[in-house]
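Visitor: Next comes the sequence, and after it the predicted model I'd like to discuss.
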Amino acid sequence: MRSTSRFSALLAAGLLACVSNAFTRNPRWTIGMSQCNLGEPWRVQMNADIKKSAEAYPELRVIFKDAQNDNLRQCAHVEEFARQKVNLIIISPKEAAPLAKPVADAFRSGIPVIVLDRRVMGNDYTCFIGADNKKIGRAAGKWIANQLKGKGNIVELKGLMTSTPGQDRNSGFREGIAGSGVSVIFEADMKWLEPNARIEMESALARFPNITLVYAHNDPGAHGAYLAARAAGREKQITFVGIDGLPQEGQMYVRQGVLSASFEYPTGGREAIAVALDILNGKKVQKEIVLPSRVFTYENVGKGGEWLKE
Amino acid sequence: MASIKDHPLARAFLSLALVLVLGAVFNADGTFLQWATQRDMLRQVSVYGILACGMSVVIIAGGIDLSVGSILGLCAVAFSLLSMHRGAPDVIAIGATLALGTACGLISGGVIARFRVQPFIATLAMMVFARGLAKLISGGEKISTAVQLPDGTYQYADTPHLFDVISARMLGENVAVVTVILGVCLILVWILLSRTPWGRQIYAIGGNEEAALYAGIPVRSTKLLAYGLSGLSCAVAGICQAAQELQGDPEAGATYELTAIAMVVIGGTSLQGGRGSIWLTLLGVLIIGSLEKILSINAVGEETRLMLTGLIILAAVLFQRNT
């Protein structure tokens, strides 16, 4: 009993310390950031980008919330932000339909809302910032067709095919390689997970003696495929291409020569803070911002990659 | 041996044979019949199999351990942090990771034995807690050879030699090192369960805890050790996972507990406790491993794959019961 009360006293003291800490900086504006799921490195990076950009402005304070991949929890987070009257909300929603209402309610109550990466239904938000998966997939397809000079056998390791990024990275890629002469000989859904990608790649390697290239919908998938090929002693005959281009993932693999290319899927964290400052300072902003994307190869990764044209 | 008299081992063999026949029919241009395919399959199931070793002991003792996947993730992160980022000597990195996993298991076991909390709840709590701890110590990122410097740029370290050793193959490239580790775990658990008094106490507790208590069996400490052993096997699996992925992923092992439980149960070990053996678990591991391999080499679509897996798990368990 006594130890319990001592524990709660400690807990209360800790909470108090956190709360007072948060208010000592006394910034002018508070931004609420609702992230749908921090279980993915890409989204961890998005939060890190937002945090880093915001730190340059002492007038900003950002509160982060993680909905742990749960629509209803994310709805509650947006409602909480609206109730505590933050000055601006940034949301990277889990799904378009369930999040539409709380976002619209907040927006109509006068709080500007920036929607990042995935969309919400309707028009009740201030600005959408995102990259175009289909475009990136198409760019990857064209780059690959060009690299293989129109001849080769491709293994496609797909992301979760019930998710829009998976579908777009697939259909864009197919458009990119269409008519080039390269063919996809094996495709499997690895659900964005590296261990799954390795397992599927092992099956592909067992079945097909001639694999020219692996196109994976994310860099961990491409890395998993590389590990499978290395275990089979065939990594030198195969080219590996991935998507996302995070500094500690895709860019590192490219630097190490594991991947031949990684196509960036930008997080938009930096841009979100820039747009947020514009909104808070009363400037007018575009309703829709499509982020440009880069390709990283061994030659250009040291120089920050190369911007994709289109 | 009692287990043979009741024929669960024979039944499990028959299930495996059926799966293998399935593989021989849907062999994907002969791919299933190649040794390299089977070797890959054995590597793929090794991490799950190691978890299933500890899980078998817990289930035979009448319990369940839902925390194995999370502890695996925690140990993979801890092992990668120590050896990749801190440059700790191999012995210390391995030793500390094994100690960490065992400690997690002992905590669950302690809560179950001392406070009589149901194993489902106690290990559920550990499952959530260990995942949180893994995210905390990793900062939410995968621990890889990319080390972030204070200014936000990255420095790239070399892969520790130990990682290469564990992810390699031996015996003329024929067996993955992780498969050998699984083999060692199986043998050790077999010795513990069938050649020591402690093993007999595990069966006794699983069969009837009250009777075991009256018979003078130290129920609490025996249970404590069972969960400690499960935690230890999670640590071994975590080390193998990190070495094979060349990184410590705080999300590693999510839902692995379900696969490990399925392997134990499909083998024919009873979830009621008191009955089963480690060799049944081995057969369960092979059944699930072969099944996934068949679906994978035939490039079966995800939706069909999930439905088939569900049906086959159900069929296998019904078969175990009715024959």
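Guide: In hand now; what should we look at? Bear in mind that the values here come from a model prediction, so they are computed numbers and not experimental data.
Visitor: How far does stretch B:99-114 sit from its chain's centre?
Guide: When distances are taken as Cα atoms, centre = their mean, to the nearest Å, stretch B:99-114 is centred 17 Å away from the chain's centroid.
Visitor: can I assume A:Arg227 is in contact with B:Ala243?
Guide: No, residue A:227 isn't Arg; it's Leu. No: with contact defined as Cβ atoms under 8 Å, A:Leu227 and B:Ala243 do not form a contacting pair (10.8 Å). Every C-beta, even on glycine, is put in place using the N, C-alpha and C of the backbone.
Visitor: what's the overlap in contacts for those two?
Guide: B:Ser167 (Cβ atoms under 8 Å, 6 or more residues apart in numbering or on different chains).
Visitor: And these two? Which one has more around it.
Guide: Between A:Leu227 and B:Ala243, counted using other Cβ atoms under 10 Å in any protein chain shown, B:Ala243 has the larger neighbour count: 25 against 21.
Visitor: Against chain A, how distant is the more buried one?
Guide: When Cβ to the nearest Cβ, to the nearest Å is applied, the distance between B:Ala243 and chain A equals 11 Å.
Visitor: B:Ile166 is in contact with that residue, correct?
Guide: Yes: if you go by Cβ under 8 Å, B:Ala243 and B:Ile166 touch, sitting 3.5 Å apart.
Visitor: Mutual contacts of these two, please.
Guide: By Cβ under 8 Å, 6+ apart, the residues touching both B:Ala243 and B:Ile166 are B:Val178.
Visitor: Count residues in the vicinity of B:Leu81, would you?
Guide: The local packing of B:Leu81 (other Cβ under 10 Å) involves 19 other residues.
Visitor: Tell me who's in contact with it.
Guide: Applying Cβ under 8 Å, 6+ apart, one finds that B:Leu81 lies in contact with B:Ile137, B:Ser138, B:Ile143, B:Gly248.
Visitor: Packing partners of whichever strand or helix holds B:Gln201?
Guide: Under the criterion of DSSP states H and E, B:Gln201 resides in helix B:197-207. Counting contacts by 3 or more Cβ pairs under 8 Å, 6 or more residues apart in numbering or on different chains; DSSP states H and E, the secondary-structure elements packed against helix B:197-207 are helix B:35-60, helix B:177-195, helix B:209-214, helix B:219-245.
Visitor: which residues does residue 80 contact?
Guide: Assuming you mean chain A. A:Gly32, A:Lys65.
Visitor: Correction: the question concerned chain B.
Guide: In this structure, B:Ser80 makes contact with B:Ile143, B:Ser144, B:Ala242, B:Gln247, B:Gly248, judged by Cβ under 8 Å, 6+ apart.
Visitor: got the residues of the stretch 1-150 of chain B near chain A?
Guide: Taking Cβ under 8 Å from any Cβ of the partner chain as the measure of proximity, the stretch 1-150 of chain B contacts chain A at B:28-29, B:31, B:34, B:36-37, B:40, B:43-44, B:135, B:140-142, B:144-146, B:148.
Visitor: Chain A: helices as residue ranges?
Guide: For chain A, the helices identified by DSSP state H occupy A:2-24, A:41-55, A:71-83, A:96-108, A:133-147, A:164-177, A:194-207, A:219-231, A:250-255, A:269-280, in order along the chain.
Visitor: Stretch B:183-195: how far from the chain's middle?
Guide: Taking Cα atoms, centre = their mean, the mean C-alpha location of stretch B:183-195 is offset from the chain mean by 14 Å.
Visitor: I'd like to know how many residues surround B:Leu14.
Guide: With neighbours defined by other Cβ under 10 Å, the count for B:Leu14 comes to 15.
Visitor: what's the distance between it and B:Ile287?
Guide: As judged by Cβ to Cβ, to the nearest Å, B:Leu14 and B:Ile287 stand 10 Å apart.
Visitor: one step back: so which of the contacts of B:Leu81 is the closest to A:Ile111?
Guide: For A:Ile111, the closest of the contacts of B:Leu81 turns out to be B:Ser138, at 33.6 Å, with distances computed as Cβ to Cβ.
Visitor: Quick check: buried residues in stretch A:221-239?
Guide: Within stretch A:221-239, the residues scored as buried using 16 or more other Cβ atoms under 10 Å in any protein chain shown are A:221-229, A:231-232, A:235, A:238-239.
Visitor: ok so, going back, apply the buried test to the residues of the stretch 1-150 of chain B next to chain A and list what passes.
Guide: Among those, those scoring as buried are B:28, B:31, B:37, B:40, B:43-44, B:135, B:140-142, B:144-146 (criterion: 16+ other Cβ under 10 Å).
Visitor: now those as CSV including distance to A:Ala106?
Guide: Converted to CSV, those look like this (distance: Cβ to Cβ, whole Å):
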residue, distance to A:Ala106
B:Ala28, 53
B:Thr31, 54
B:Thr37, 54
B:Asp40, 51
B:Arg43, 50
B:Gln44, 47
B:Lys135, 28
B:Gly140, 26
B:Glu141, 30
B:Lys142, 33
B:Ser144, 38
B:Thr145, 42
B:Ala146, 37
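Visitor: At the geometric centre of the chain, which residue sits there?
Guide: The chain I'm using is chain A. Relative to the mean C-alpha position of chain A, the nearest C-alpha, by Cα atoms, centre = their mean, is the one of A:Trp42, at 4.2 Å.
Visitor: Actually, chain B is the one I wanted.
Guide: Residue closest to the average C-alpha location in chain B (Cα atoms, centre = their mean): B:Leu51, at 1.3 Å.
Visitor: can you pull the contacts of that residue?
Guide: B:Val68, B:Gly69, B:Leu72, B:Ser233, B:Cys234, B:Ala237, B:Tyr256, B:Glu257, B:Thr259, B:Ala260.
Visitor: change it to 6 Å
Guide: Residues counted as contacts of B:Leu51 (Cβ atoms under 6 Å, 6 or more residues apart in numbering or on different chains) are B:Val68, B:Ala237, B:Ala260.
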